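K.L.:
Build me a structure from this.
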Amino acid sequence: MIHKGNRTKGGTMSLDLQQKVDDLLAEFVTLVNEISDSRHLQRGIARSSLPCSLVAVLDRASLFILAQLRNHNLSSTYLYTPEVKLVADKAMSAAKWQFGFDDPFVLQFPAEMLDQKAEERREFLQKMAEEHVDSEFLRFRGFLNLLRTKPIFGPAPFAADDNLLVVLTSPGPQGTAVFMQVESAAISRKLAVRHVSGLKTNIAVRQAWQSIGMARLVVADLSSQDPDVSYALGLAHSVGKESILLYPEDGEPPVELPGTRAIAFKNDEPGLAKLSQDVAMAMESVLQPLD
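P.N.:
Just a heads-up that it's a prediction; the model follows:
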């Protein structure tokens, strides 16, 4: 079960509240297992059926269970925060960025259920358990349908850095000038910057792949029509990175794709100065949802 197994425990909940949380989870997972069995599903498809590290957050309206499947070093943290009211999206964000869960799931129960008897809350838990099994089964089926890939330059790095910007330019003075303007815009947004320019060696390609895999955002200078820039941008789009595309003012705008923004610029001193401002505005638009 989600809360079973040898684990460290701590937090700000009283022991009485902790026990109520554990009892509620035990009833919920029992229903999840019964539903899985009735549908002839393997119990592990629903991650709540397996031991997880978890953070239980009780605010003034809901009990949120933030959980991550784990095989060892299990922990349970119980937090009582009656002064706040969370929403599911914020809880998921906290699971990833505050508690370090890389593949979390979130359960939400009305807070008053903790004081109800098992028979009083069974109907609600039954419905919630059915929805949870449905969601977990769709997640599992999605994994089966994923394109199987084996990049020649190594496995994809999954440790994303929310403050990392990668800039793709051609080598030479023009690429350096563009990079400096983008870097200036990134620094104003307190982002770390990595410059990818020239992919003529195996090591360079691997380093570019790792940087792109970690990046929150990619900026690509298409003004020089450098094939290395196009290649690296293709990698970025393949792993779902949002991007800002720079192109010459007198040239053709790039193809519109989801998750991309295009900025035209003139390659002279005033044009590059304006480019920095335009890139800063585009970054603000892209990164705003994280604030």
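K.L.:
Please state the offset of the lowest-mean-pLDDT helix or strand in the chain from the chain centre?
P.N.:
Of all the helices and strands that make up the chain, helix 88-97 has the lowest average by mean pLDDT, DSSP states H and E, namely a mean of 85. Remark: helix 88-97 is offset 10 Å from the chain centroid, using CA atoms, centre = their mean, to the nearest Å.
K.L.:
Equivalent analysis for stretch 232-247, please.
P.N.:
Averaging C-alpha coordinates over stretch 232-247 and over its chain gives two centres that are 17 Å apart (CA atoms, centre = their mean).
K.L.:
Let's see the distance spanning it from one end to the other.
P.N.:
Looking at stretch 232-247, the gap from its leading to its trailing residue is 16 Å under the measure CA to CA, to the nearest Å.
K.L.:
buried residues in that stretch?
P.N.:
For stretch 232-247, burial by neighbour count (16 or more other CB atoms under 10 Å) applies to 232-233, 235-237, 239, 241-247. Where C-beta positions appear, they are placed from N, C-alpha and C, glycine not excepted.
K.L.:
Show me the residues you listed that map onto strands.
P.N.:
Applying DSSP state E to the buried residues of stretch 232-247, the entries found in strands are E242, S243, I244, L245, L246, Y247.
K.L.:
As JSON lines, these with pLDDT would be great.
P.N.:
Compiled in JSON lines, these are given as follows (pLDDT from 0 to 100):
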{"residue": "E242", "pLDDT": "89"}
{"residue": "S243", "pLDDT": "92"}
{"residue": "I244", "pLDDT": "93"}
{"residue": "L245", "pLDDT": "95"}
{"residue": "L246", "pLDDT": "94"}
{"residue": "Y247", "pLDDT": "93"}
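K.L.:
relative to helix 88-97, how tilted is the helix or strand that comes right after the least confident helix or strand of the chain?
P.N.:
Helices and strands here follow DSSP states H and E; after helix 88-97, the next one along the chain is strand 105-110. Between strand 105-110 and helix 88-97, the angle formed by their directions is 140 degrees, by axes from the mean of the first three to the mean of the last three CA atoms, to 10 degrees.
K.L.:
thinking again about what came up before, can you tell me which of the buried residues of stretch 232-247 lies closest to A220?
P.N.:
The shortest separation between A220 and any of those is 4.5 Å, and it belongs to L233 (by CB to CB).
K.L.:
Can you report phi and psi for the residue lying closest to that closest one once chain neighbours are set aside?
P.N.:
Distances taken as CB to CB, 6 or more residues apart in numbering put A220 closest to L233, at 4.5 Å, once the chain neighbours are dropped. In terms of degrees, to the nearest 10, the main-chain angles of A220 are phi -120, psi 130.
K.L.:
again, but for the one 4 residues further on
P.N.:
The main-chain torsion angles of S224 are listed as degrees, to the nearest 10 and equal phi -90, psi 0.
K.L.:
roughly how far apart are it and V239?
P.N.:
The gap separating S224 from V239 is 24 Å, by CB to CB, to the nearest Å.
K.L.:
What lies in contact with the helix or strand harbouring S36?
P.N.:
Here S36, judged by DSSP H and E, is contained in helix 15-38. By CB atoms under 8 Å, 6 or more residues apart in numbering, the list of residues contacting helix 15-38 from outside reads 1-3, 9, 11, 13, 42-43, 45-46, 48-49, 56, 58, 63, 65, 78, 80, 107, 109, 113-115, 118, 121-122, 125-126, 128-130, 132-133.
K.L.:
Compute the inter-axis angle for the next helix or strand after it and strand 105-110.
P.N.:
Next along the chain after helix 15-38, taking DSSP H and E as the criterion, comes strand 52-58. Interaxial angle of strand 52-58 relative to strand 105-110 (the same axes, to 10 degrees): 30 degrees.
K.L.:
List the neighbouring strands of strand 52-58 plus their orientation.
P.N.:
Here strand 52-58 is paired, per DSSP bridges, with strand 62-69 (antiparallel), strand 74-80 (parallel).
K.L.:
Dump the ones you listed to JSON lines, plus mean neighbour count, mean pLDDT and distance to K266.
P.N.:
Shown next, in JSON lines, are the strands paired with strand 52-58 (neighbours: other CB atoms under 10 Å; pLDDT from 0 to 100; distance: least, CB to CB, whole Å):
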{"stretch": "strand 62-69", "mean neighbour count": "22", "mean pLDDT": "93", "distance to K266": "49"}
{"stretch": "strand 74-80", "mean neighbour count": "18", "mean pLDDT": "94", "distance to K266": "53"}
